[in-house]
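Peer 1: pasting the sequence and the predicted model now:
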Amino acid sequence: MFKVIINETRNPEYTRDVNECYYILLPSMCLCATEEKIELSDNLDLDNNLLDIDQYLEILKKINLCLQDLNTNLNISLNEMYIIDELIAIIELQKMKDINIQKIRVMRTLLRENSFIIQKDQPDKYSELIVNFQNIYENIIEEKMNEIKTEEDKIYDNKYYDTLKYIFLKEVSKIIYINYRIKIFGKLISDKEIIKRSNDILQILLKKTIKTGKSEKDGFKSILNNLKKGDQIVRLIENNLLNNQEDNYLSLQETILSFFEKN
């Protein structure tokens, strides 16, 4: 009888054979869980054929936990996993105020569409990534509070910025497509509160700009050389440092300095 050997450390030649089924099944699991055919209830007219939003959130969290375990144990990380992550964050933000089921449906569809484009590696459709991200962003910023009056408002405000930053981070991590990253970064540096939370995003966007050298002098030479070459992300930072409102300027300046210190 055929027996699959699963100890990858002792039998590295079997790694692909063992893990391949997970690489096939995991994207399917993520896409099935976010399928448009899964109808969600707005809780006003609960139907037995519809999922309550709390039930749906619980299902997504259980799937996400399973995915994280596989990621840890088998080092499997897939773009499709980010759909679940982002959707959980979006629903949890909405649950703090009035749930808008239609908005959740729209953002779920947009996240899936972007995932398909990236998964199939379709450069001719990369412009659609930007359009979809713009729509996701606009749907989220509709949740922004104009004025903070209570402690509950302050908690919600923090959650809002944490969610927006989380979406930025996941989207930047999905694909190395400079125009997409520039679009995301442009949104990021338009708000001082997001800037303050964005050191890890800068680590991704600028990691090729900052290169390890034998001395601090070598690191600065690397930065200057990239500036001279016209690195698009660096130019965007430079333009915003020159042109932004004072609050945004100070926040971006502090974040960039912190980034340089870490590197």
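Peer 2: Yep, it's here.
Peer 1: could you give the number of residues near residue 75?
Peer 2: Number of residues near residue 75 (other C-beta atoms under 10 Å) recorded here: 10. Using the backbone N, CA and C atoms, a C-beta is placed for each residue, glycine as well.
Peer 1: output the below-cut-off pLDDT ranges for the stretch 101-250 of the chain.
Peer 2: 208-231, 240-249 (pLDDT under 70).
Peer 1: how about the strands of it, start to end?
Peer 2: Ranges of strands in the stretch 101-250 of the chain, per DSSP state E, counting those that start in this stretch: none exist.
Peer 1: how close does residue 188 get to residue 163?
Peer 2: 14 Å (C-beta to C-beta, to the nearest Å).
Peer 1: look at these two and report which has more neighbours.
Peer 2: residue 188 (25 against 20).
Peer 1: residues contacting the more buried one?
Peer 2: By C-beta atoms under 8 Å, 6 or more residues apart in numbering, residue 188 lies in contact with 165, 168, 194-195, 198, 201.
Peer 1: ok, of those, which one's closest to residue 126?
Peer 2: Using C-beta to C-beta, residue 168 comes nearest to residue 126 of the contacts of residue 188, at 17.9 Å.
Peer 1: count of residues packed around the closest residue to residue 51 other than its chain neighbours?
Peer 2: Nearest residue to residue 51 in three dimensions, chain neighbours excluded: residue 40, at 5.5 Å (C-beta to C-beta, 6 or more residues apart in numbering). Counted with other C-beta under 10 Å, the neighbours of residue 40 add up to 18.
Peer 1: thought residue 40 was touching residue 55?
Peer 2: No: applying C-beta atoms under 8 Å, one finds residue 40 not in contact with residue 55, separated by 9.1 Å.
Peer 1: what lies in contact with stretch 71-83?
Peer 2: Residues from elsewhere that reach stretch 71-83 (C-beta under 8 Å, 6+ apart): 19, 22-23, 26-27, 30-31, 34, 64, 67, 70, 108, 111-112, 115, 118-119, 170-171, 173-175.
Peer 1: among these, which ones are buried?
Peer 2: Those of the contacts of stretch 71-83 that meet the buried threshold are 19, 26-27, 30-31, 34, 64, 67, 70, 108, 111-112, 115, 118, 170-171, 174-175, by 16 or more other C-beta atoms under 10 Å.
Peer 1: which stretches in the chain count as helices?
Peer 2: Taking DSSP state H as the test, the helices found in the chain are 15-33, 53-74, 79-95, 101-119, 126-141, 151-174, 178-188, 192-196, 199-205, 216-229, 232-243, 246-262.
Peer 1: quick check: angle from the longest one to helix 79-95?
Peer 2: With axes from the mean of the first three to the mean of the last three C-alpha atoms, to 10 degrees applied, the angle from helix 151-174 to helix 79-95 works out at 170 degrees.
Peer 1: okay, the angle between helix 151-174 and helix 178-188?
Peer 2: 170 degrees.
Peer 1: so which bits of helix 151-174 are buried?
Peer 2: Residues of helix 151-174 classed as buried by neighbour count (16+ other C-beta under 10 Å): 156, 159-172, 174.
Peer 1: what is it packed up against?
Peer 2: Where contact means 3 or more C-beta pairs under 8 Å, 6 or more residues apart in numbering; DSSP states H and E, helix 151-174 is packed against helix 79-95, helix 101-119, helix 126-141, helix 178-188, helix 192-196, helix 199-205.
Peer 1: can I get those helices in JSON lines with distance to residue 260?
Peer 2: As requested, the helices and strands packed on helix 151-174 are exported to JSON lines (distance: least, C-beta to C-beta, whole Å):
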{"stretch": "helix 79-95", "distance to residue 260": "28"}
{"stretch": "helix 101-119", "distance to residue 260": "31"}
{"stretch": "helix 126-141", "distance to residue 260": "28"}
{"stretch": "helix 178-188", "distance to residue 260": "17"}
{"stretch": "helix 192-196", "distance to residue 260": "15"}
{"stretch": "helix 199-205", "distance to residue 260": "10"}
